[in-house]
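**Q** here is my input; please provide its structure:
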Amino acid sequence: MLIFALAVATAAPCPVEQAHYRLRHDAGVVLSFAPVASNKDWPSGVAAVVRFYRSGRMYDFLPYDGGTDGRQNLAHTTDVTHPDFKLPSPDGGPGRLGDMEFLAMDAHYDVIQHVPKRGDQAPAHILLPHLRDVTWYGNGAARDAAEKQFFDLVSCGPGA
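**A** Residues are numbered from 1 along each chain as shown. Just a heads-up that it's a prediction; the model follows:
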């Protein structure tokens, strides 16, 4: 599977909003990006959506650059596909499980120093080192577990 992921990652550029990722060693956990509105607080224009096929649960996150700390992060938000979805206040909002660090890399594992924006070339690999903390400990009785592992780009195209 890693060879396939590397082949996809080195193929023609893929816009981030059409990129589909699979958690290495666990095909039941996938990540994609959905287009959303943007504003000065949330300039990315995409949301990261993590789906756990075993439980059927999905978690939506808005990417943001951390400012002077140099980190890239994801802020949990409500379902971005819901017709009434609105970008939340950066100071909090409904459905917040918390924020977590977002590390994106190109095909050579060089770290990309900003969060993706709609239309950007998709990262080849993504690491969410605190995904388990958010989906296991931060979600009450509804728990999802994920290994601390890379999400690898596996396909490019519209839809999930």
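**Q** can we go C-alpha only for contacts and neighbour counts from here?
**A** Noted.
**Q** can you give me the strands for the protein?
**A** In the chain, the strands defined using DSSP state E lie at 19-23, 26-35, 46-52, 57-65, 72-77, 99-101, 103-105, 111-112, 125-127, 150-156.
**Q** pLDDT value on V8, please?
**A** On pLDDT, V8 comes in at 49.
**Q** quick one: contacts for M105?
**A** 111-112, 123-126 (CA atoms under 8 Å, 6 or more residues apart in numbering).
**Q** adding pLDDT and distance to G56, write those residues out as JSON lines.
**A** Output for the contacts of M105, formatted as JSON lines (pLDDT from 0 to 100; distance: CA to CA, whole Å):
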{"residue": "V111", "pLDDT": "95", "distance to G56": "31"}
{"residue": "I112", "pLDDT": "95", "distance to G56": "30"}
{"residue": "P123", "pLDDT": "98", "distance to G56": "25"}
{"residue": "A124", "pLDDT": "98", "distance to G56": "25"}
{"residue": "H125", "pLDDT": "98", "distance to G56": "23"}
{"residue": "I126", "pLDDT": "98", "distance to G56": "21"}
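**Q** mark which of those residues are buried, thanks.
**A** Taking 16 or more other CA atoms under 10 Å as the criterion, what is buried in those is 123-126.
**Q** any regions of the chain where pLDDT drops low?
**A** 1-12, 92-96, 160 (pLDDT under 70).
**Q** from N73, how far off is the spatially most central residue of it?
**A** The residue lying closest to the centre of the chain (CA atoms, centre = their mean) is A48, at 3.3 Å. A48 is 11 Å from N73, where distance means CA to CA, to the nearest Å.
**Q** likewise for L31?
**A** For L31 relative to N73 (CA to CA), the value is 15 Å.
**Q** quick revisit: doesn't P63 make contact with the residue nearest to the centre of the chain?
**A** Yes: here A48 reaches P63: they are 7.2 Å apart, a contact under CA atoms under 8 Å.
**Q** that older thread, so for L31 and N73, which residue has more residues nearby?
**A** L31 (23 against 20; other CA atoms under 10 Å).
**Q** number of nearby residues for G140?
**A** Counted with other CA under 10 Å, G140 comes out at 9.
**Q** contacting residues around it?
**A** G140 is in contact with no residue at all, counting by CA under 8 Å, 6+ apart.
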